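Chemist: with the input below, show me the fold.
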Amino acid sequence: QVLLVESGGGLVQAGGSLRLSCAASGRTFSSYAMGWFRQAPGKEREFVAAINWSGISPVYADSVKGRFTISRDNAKNTMFLQMNSLKPEDTAVYYCAGSIHGYRSQSASGYAYWGQGTQVTVSS
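Modeler: Model prediction:
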């Protein structure tokens, strides 16, 4: 059974930082892309960031570019999302996603495995 477990969410003031982690088990993701998505209340799930199996050339949504950094530690089967300069509009449930492909995708359909999500709330 493949499990992706997010952690690190919470409540933070605008301008603050959080670091999300995604720990994978049941499958080694070192050869596969992984990504982060988020869903705010009343909105559809949207792409945040994605990273290839190698960790090279990550891609970001325009709304988070320059503020968020995605990374991975293949030895620990773990992915991270460092979020700086947080804004109230970043408030959402953040989901970790694991692909069956080596190359990253900005579409949710490119991912076969999903975590349960972690809440991030940014107060103004």
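Chemist: please report how far the residue nearest the centre of the chain lies from residue 124.
Modeler: Centroid check for the chain by C-alpha atoms, centre = their mean gives residue 36 as the closest residue, at 2.4 Å. Distance of residue 36 to residue 124, given as C-beta to C-beta, to the nearest Å: 23 Å. To be clear about C-beta, it is placed using only N, CA and C from the backbone, and glycine gets the same treatment.
Chemist: over to residue 1?
Modeler: Distance of residue 1 to residue 124, given as C-beta to C-beta: 40 Å.
Chemist: more neighbours, those two?
Modeler: For residue 1 versus residue 124, neighbours defined as other C-beta atoms under 10 Å are more numerous around residue 124 (9 against 5).
Chemist: quick one: low-confidence ranges for the chain?
Modeler: Across the chain, nothing is flagged by pLDDT under 70.
Chemist: how does it look with 90?
Modeler: Scanning the chain for pLDDT under 90 picks out 1, 26-31, 53-57, 101-103.
Chemist: what ranges do the strands span in it?
Modeler: Taking DSSP state E, the strands of the chain run over residues 3-7, 10-13, 18-25, 34-39, 46-51, 59-60, 68-73, 78-83, 92-98, 113-114, 118-123.
Chemist: turn those into TSV, columns for distance to residue 105.
Modeler: Output for the strands of the chain, formatted as TSV (distance: least, C-beta to C-beta, whole Å):
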stretch	distance to residue 105
strand 3-7	16
strand 10-13	28
strand 18-25	16
strand 34-39	7
strand 46-51	6
strand 59-60	9
strand 68-73	13
strand 78-83	15
strand 92-98	9
strand 113-114	13
strand 118-123	21
